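In: what's the 3D shape of this:
(chains A and B)
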Amino acid sequence: MTVASLCGPTCGAPLFVHVLGATLLFGALFAITTVGFASVRIVEHGPMLRRLAFTIMLAGVWPSYILMRVGAQWVLAHEGLDNDSVPGWVGVGLLVSDVGIVVLLVLTLLAWLGLRRQRVGVWFAGLAAVYLVALGVAVFAMSAKPG
Amino acid sequence: MGKYEWLLFLHVTGAFLLIGGSVTAAALNLSALRRERPSEIALLLGLTRVAVLAIYAGVLLTIVFGLWLVSASPFGYGYGDAWVIATLVLWVYSNAAGGMGGKREDETRKLAERLAVEGDAPSAPLNARLRDPVTLALEYSSGLAIVVILVLMIWKPGA
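Out: Residues are numbered from 1 along each chain as shown, chains lettered A, B, ... in the order given. Sure thing, here's the model as predicted:
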């Protein structure tokens, strides 16, 4: 049995919070990746774009991450599961989200450093793109539920 | 993995691209509203074209695999279900409103590009266009419709 099948319409609010947070997180990461690469390519507007990336990090990425993670824990609690007794595909999602805290902390640091140092921008954009791909893997695991 | 799981994955991927692209476009638009220099406004509005590509892909994936999912679902969903009809109506509205808003914003971007070449000085007409209430209403209502679609997808009222 899968959490999502348990968490159909009966799981309403927790699943909504989780999915809304996840989609907003994906969007915010997509935004910082786009802005990050643009800041590297369009040098004359680099400082403005790096400031924007830092703002989206604080005002978009972190709040949506918290929404997604709180929703995930709420779903697990709703279904009477804890982090050690979940199916493998849920484990993939938990892994991506938990490792994500470290990645987001590094991204926030890079975005802050990028306010002063132009060359940090490429690392910031690259790491954001890598985490965007990791989120894609989590989306695959959570929706297709392999295994 | 069966057919239903693959369809669900492609449908959900479409939803992420659609909402993700919309969030990116909204972030860039909101940032453009806070700028004065036409060159910066033109750049930010120009970057929304990357988001629009994700939105187009999301629009296509959600409708194609969403409709397929209804017929392939093992839960007995039908095209006549109220939540499916409401979702389709909102999907059409969201695309129409988003498309019209985007077209108006493209005109604003072209004006910003022109002003950037002609001295890049702050411009009252450009600021007015950026804050055009019709454009903002179209874009915000399009985003709101997507959130309501998400609500319908989760709760499936009447299913």
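In: and the residue in chain A that chain B sits nearest to, what's its pLDDT?
Out: Closest residue of chain A to chain B, C-beta to the nearest C-beta: A:Gly27 (2.6 Å). All C-beta atoms are positioned from the backbone trio N, CA, C, and that covers glycine. Looking at A:Gly27, its pLDDT stands at 96.
In: I figured it was touching B:Val23, is that so?
Out: Yes - under the criterion of C-beta atoms under 8 Å, A:Gly27 makes contact with B:Val23 at 2.6 Å.
In: overlap in contacts, the two.
Out: Each of A:Gly60 lies in contact with both A:Gly27 and B:Val23 under the rule C-beta atoms under 8 Å, 6 or more residues apart in numbering or on different chains.
In: in what helix or strand does the residue of chain A closest to chain B lie?
Out: helix A:12-41 (DSSP states H and E).
In: once you drop chain neighbours, what's closest to B:Asn95?
Out: B:Val59 (6.0 Å; C-beta to C-beta, 6 or more residues apart in numbering or on different chains).
In: what sits against residue 142?
Out: All of this refers to chain A. Applying C-beta under 8 Å, 6+ apart, we find A:Met142 in contact with A:4, A:89-90, A:92-93, B:12.
In: wrong one, chain B
Out: Going by C-beta under 8 Å, 6+ apart, B:Ser142 touches B:22, B:93-95, B:97-98, B:101.
In: separation between it and chain A?
Out: Taking C-beta to the nearest C-beta, to the nearest Å as the measure, B:Ser142 falls 14 Å from chain A.
In: where's that residue, which helix or strand?
Out: Going by DSSP H and E, B:Ser142 is in helix B:133-155.
In: in that helix, what counts as buried?
Out: Neighbour-count burial for helix B:133-155, counted by 16 or more other C-beta atoms under 10 Å in any protein chain shown, picks out B:135-136, B:138-139, B:142-143, B:145-147, B:149-155.
In: next, the angle from it to helix A:12-41.
Out: 130 degrees (axes from the mean of the first three to the mean of the last three C-alpha atoms, to 10 degrees).
In: from the chain's centroid, how far away is helix B:133-155?
Out: 8 Å (C-alpha atoms, centre = their mean, to the nearest Å).
In: kindly report the same for stretch A:19-26.
Out: How far stretch A:19-26 lies from its chain's middle: 7 Å, per C-alpha atoms, centre = their mean.
In: from B:Thr24, how far off is the most far-flung residue of chain A relative to its centre?
Out: In chain A, counting by C-alpha atoms, centre = their mean, A:Glu44 sits farthest out from the average C-alpha position, at 29.2 Å. If you measure A:Glu44 against B:Thr24 using C-beta to C-beta, to the nearest Å, the figure is 22 Å.
In: hang on, the earlier thing: and the furthest pair within the contacts of B:Ser142?
Out: The span of these, defined through C-beta to C-beta, is set by B:Ser22 and B:Tyr93 at 13.9 Å.
In: these two: who's more crowded?
Out: B:Ser22 (25 against 17; other C-beta atoms under 10 Å in any protein chain shown).
In: which parts of the chain are helices?
Out: I went with chain A, as the question did not name one. In chain A, the segments counted as helices under DSSP state H are A:3-6, A:12-41, A:46-56, A:62-78, A:88-114, A:120-144.
In: actually chain B
Out: B:3-33, B:38-72, B:82-117, B:124-130, B:133-155.
In: looking at those helices, which one is packed in the most?
Out: helix B:3-33 (a mean of 22; mean count of other C-beta atoms under 10 Å in any protein chain shown).
In: who are the packing partners of that helix?
Out: helix A:12-41, helix A:46-56, helix A:120-144, helix B:38-72, helix B:133-155 (3 or more C-beta pairs under 8 Å, 6 or more residues apart in numbering or on different chains; DSSP states H and E).
In: off-centre distance for the first one?
Out: Mean-position distance between helix A:12-41 and its chain equals 6 Å (C-alpha atoms, centre = their mean).
In: that helix packs against which elements?
Out: helix A:46-56, helix A:62-78, helix A:88-114, helix A:120-144, helix B:3-33, helix B:38-72, helix B:133-155.
In: could you dump the second one to CSV, C-alpha only?
Out: Taking Å, rounded to 0.1, in the frame of the first residue of the first chain, the C-alpha atoms of helix A:62-78 are listed here in CSV:
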residue,chain,number,x,y,z
TRP,A,62,13.0,28.7,2.2
PRO,A,63,9.2,29.3,2.9
SER,A,64,8.2,26.8,0.2
TYR,A,65,10.7,24.3,1.5
ILE,A,66,9.2,24.6,5.0
LEU,A,67,5.7,24.3,3.6
MET,A,68,6.7,21.1,1.7
ARG,A,69,8.5,19.5,4.6
VAL,A,70,5.8,20.3,7.2
GLY,A,71,3.2,18.9,4.7
ALA,A,72,5.2,15.7,4.3
GLN,A,73,5.5,15.2,8.1
TRP,A,74,1.8,16.0,8.5
VAL,A,75,0.9,13.3,5.8
LEU,A,76,3.1,10.7,7.6
ALA,A,77,1.5,11.6,11.0
HIS,A,78,-1.9,11.4,9.4
